[in-house]
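J.: Here is my input; please provide its structure:
(2 chains)
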Amino acid sequence: MENYLLAMAVFAGCYALMALGLNLIFGLAGMVNLGLVGFFAVGAYASALLTVKLHLPMLAGWAAAIALASLLGAAMALITARLRGDYLAIVTLGFSEVIRLAASNEIWLTNGTDGISAIPAPGRGVLSPLLFNLQFVVIVWAVVGLAAWALARLSAAPFGRVLRAIREDDMIAAVAGKRVLAFKVQAFALGAGLLGLAGALYAHFNAYIAPDGFQPLITIYVVLALTAGGTGTMRGAVLGAVLVIALTESTRFFGGVIPWLKPVQFAALREAAIGIALILVLYYRPDGIIPERITPQEPA
Amino acid sequence: MTLRLRRRTALLGSLAAPFISRLAAAQTGPIRLGTLTPQTGAGGPYGPPMVKTVQAVVADINAAGGVLGRKIELVSEDDETNPDSAVRAARKLIDVEKVSAIIGTWASAVTTAVAPLCWENKVMLFTVSGADSITKLPHNGYIIRTQPNTYLQSGMAAQFLAKSGAKSVFALSAQTPFAVDSYNRLAEVLAASGAKALGDVIYDPAKTSFRSEIDQALKTKPDALFLNSYTPDLAVILRELYRAGYEGKKFTYGYAANAKLIESVGAEVAEGLISFAPSPDLDSPSYARIKALLGNEPDPYSCQVYDHISLAALAIAKAGAATGSAIHDSVRAVGNRAGSKVTDAVAGLKLLAAGKEVNFEGASGPCKFTALGDIEGCRFRFDVAEKGKYRLLSLI
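T.: Numbers count the residues shown, from 1 in each chain, chains lettered A, B, ... in the order given. The predicted model follows:
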């Protein structure tokens, strides 16, 4: 049981990191990003390929994952500079599907749909599974803590204020003399970097990645996590991610409690229960569990 | 105030109850086995009959007194046809439910994702996935697969072609991860049977015309064409072959030659197309049992999981222990060719309890495994398209 809980804590940490990345891009800067899982996949593949094929150390893989995802994020922000709302959502969704299809078809690089297995991680097979999982919980949650703290600082800083201004109305921000595009690119690149890092952590913990693992469902889970937790706040993003994993996983345990249900009925009921729980959260807390509070600055 | 506290404690206690009882039961008591099948997602149509079949076998075994005097307790999880969710479900099965075997992973990506968890924790994994790469993983014997791989399938196809009198075969293959392997095996077996593989053209299945590929194939004047295709490209190829007046044998995989194919090309164009597919053992009493249980012709996967659960139960009885490594050590010993043949777990368990050797042959076939965990052989069915319908040609 402890093993299982620790593993789930690692997955929750990866989701939390993604929710934080999304919070910067969407929560603060207001750019809809339904291509989360694409950046997540890029990070996962970058780190996995560098460590498996070129035998680089894991930290180098993680650095490359951040760099590559950031670069793609910046490019994405530039390409979509004139798109907003629904249009941006479609383009980013398309991006993540392109990444998944490229991973399925560029067999020379990604090993196609067979995926990449035996991705190394320190202590795998040497440490007991319990210690191995514990080690990853510490690493992942240290990264989440650091990222949440840094992003909270950034959000409170003038940089965060500009992003919120762009979110509310980029025309006004531009009229006030802010270089809107530059801010958007920075926010997108930084957020995408976190998504890439989440992918790298996930790949090394899981030891196996395949294109099928990067379905849009993960994007939906993370968007839900952020919305339920509280768009715009870092604590909300982390809380939401933990909530989503807790909800999807705890519902597994009620299968034995309702013995007359067939497994297929239970599977359907489980999905329904997750949906209803999130609807209830958003009904009673429309701004999320920890809503964003903007305190007006005292005039200097 | 005290009341509130008590209420909360009670609530927490009731929430924790299922977890605690599971932990206690894991050490002694019933034997715990898990299924990990697709109940939702792309594999959704296949998972429910698979679980139903496994549940029925478990019920039979328990009604007959269980294994080693212990009941089997089955825990069923949904892999959502998604490796990400499957890993979490497998972790629950292994870490929380303490199962000694996981049965029924369907998608190849799901199987590859959960396989390391299984071999690291010494849990046996029974799978119906087909990708050749699965049994090449460093699994130390913890994977058993009842679905024939590409190697076995192409070998069977080549044997059939040679036996049916084709002296020369040309292959047209859609670009897939298994196209090259498949052709190499075909050529190897044909050569061993005195026939010849003339060549292989790998094509992009998204193209709308295959004129140049077909010209290239027909120039070699083959007795038979091996069409390693999917339904849409096969339809185009068959039409062009018809137009070119080709009268030799046409041979393809069963998953490409379906009702939709005949619907789209018409009876005349499809006439004479031979297709082959791995088949359950249609004459086996186990097959009849599953058919009665599910109320229709069972799919190959239901037949395979019937054998998985039976093998697991027999291996536990043979080893005298219910751990994953016990199943790992004994799963081949219950298919002892010198033993008495049994087709269901209950009969096998009786013989094992009496100290006899058993030779389990299930619904999917003889269930004999190579060192890597692949089946050595299984039945194959060959169908021919005649007047717009498929007719069973032979079952070998």
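J.: Any regions of the stretch 201-300 of chain A where pLDDT drops low?
T.: Across the stretch 201-300 of chain A, the ranges flagged by pLDDT under 70 are A:297-300.
J.: Within range of chain B, give me the residues from it.
T.: Within reach of chain B by CB under 8 Å from any CB of the partner chain, the stretch 201-300 of chain A has these residues: A:206-208, A:210-213, A:215, A:217-218, A:248-249, A:252-257, A:262-264, A:266-268, A:270-271. The way it works is simple: take the backbone N, C-alpha and C, and place the C-beta from them, glycine included.
J.: which element is B:Thr35 on?
T.: Here B:Thr35, judged by DSSP states H and E, is contained in strand B:31-37.
J.: Direction included, what does that strand pair against?
T.: Strands that pair with strand B:31-37, judged by DSSP bridges, come out as strand B:72-78 (parallel), strand B:101-105 (parallel).
J.: Check those strands for me and report the most buried one.
T.: Most buried of the strands paired with strand B:31-37 by mean neighbour count (mean count of other CB atoms under 10 Å in any protein chain shown) is strand B:101-105; its value is a mean of 31.
J.: any idea of the mean pLDDT in that one?
T.: Averaged over strand B:101-105, pLDDT sits at 95.
J.: Check stretch A:147-159 too.
T.: The average pLDDT within stretch A:147-159 is 95.
J.: domain parsing for chain B?
T.: Taking automatic domain parsing as the criterion, chain B consists of the domains B:30-145+B:283-360, B:151-278+B:379-395.
J.: what about the residue lying closest to B:Tyr242 once chain neighbours are set aside, which helix or strand?
T.: The shortest distance from B:Tyr242 to any non-neighbouring residue, by CB to CB, 6 or more residues apart in numbering or on different chains, is to B:Val269 (4.6 Å). Here B:Val269 is covered by helix B:267-270, with elements defined by DSSP H and E.
J.: so what does that helix touch, helix or strand wise?
T.: Applying 3 or more CB pairs under 8 Å, 6 or more residues apart in numbering or on different chains; DSSP states H and E, one finds that helix B:267-270 contacts helix B:231-243.
J.: Do a quick rundown of the helices in the stretch 201-300 of chain A.
T.: In the stretch 201-300 of chain A, the segments counted as helices under DSSP state H, counting those that start in this stretch are A:216-229, A:234-250, A:263-284.
J.: again with chain B
T.: Secondary structure of chain B (DSSP state H): helices located at B:2-27, B:47-63, B:83-91, B:108-120, B:150-163, B:179-192, B:211-219, B:231-243, B:259-265, B:267-270, B:285-294, B:300-319, B:324-330, B:345-353.
J.: among the ones you listed, which is the most enclosed?
T.: Mean neighbour counts for these (mean count of other CB under 10 Å) peak at helix B:300-319, with a mean of 27.
J.: With only the CA atoms kept, save it in PDB.
T.: Coordinates of the C-alpha atoms in helix B:300-319 are reproduced here as PDB (Å, rounded to 0.1, in the frame of the first residue of the first chain):
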ATOM      1  CA  PRO B 300      -9.800 -15.000 -29.700                       C
ATOM      2  CA  TYR B 301      -9.000 -12.800 -26.600                       C
ATOM      3  CA  SER B 302     -11.700 -14.300 -24.500                       C
ATOM      4  CA  CYS B 303     -10.400 -17.800 -25.400                       C
ATOM      5  CA  GLN B 304      -6.900 -16.700 -24.500                       C
ATOM      6  CA  VAL B 305      -7.800 -15.300 -21.000                       C
ATOM      7  CA  TYR B 306      -9.700 -18.500 -20.400                       C
ATOM      8  CA  ASP B 307      -6.400 -20.300 -20.800                       C
ATOM      9  CA  HIS B 308      -4.500 -17.600 -18.800                       C
ATOM     10  CA  ILE B 309      -6.600 -18.100 -15.600                       C
ATOM     11  CA  SER B 310      -6.600 -21.900 -16.000                       C
ATOM     12  CA  LEU B 311      -2.800 -21.900 -16.400                       C
ATOM     13  CA  ALA B 312      -2.300 -19.700 -13.400                       C
ATOM     14  CA  ALA B 313      -4.500 -21.900 -11.200                       C
ATOM     15  CA  LEU B 314      -2.900 -25.100 -12.400                       C
ATOM     16  CA  ALA B 315       0.600 -23.700 -12.000                       C
ATOM     17  CA  ILE B 316      -0.200 -22.600  -8.400                       C
ATOM     18  CA  ALA B 317      -1.500 -26.100  -7.600                       C
ATOM     19  CA  LYS B 318       1.500 -27.700  -9.300                       C
ATOM     20  CA  ALA B 319       4.000 -25.500  -7.400                       C
END
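J.: what separates it from the chain centre, distance-wise?
T.: Taking CA atoms, centre = their mean, to the nearest Å, one finds helix B:300-319 lying 13 Å from the centre of the chain it belongs to.
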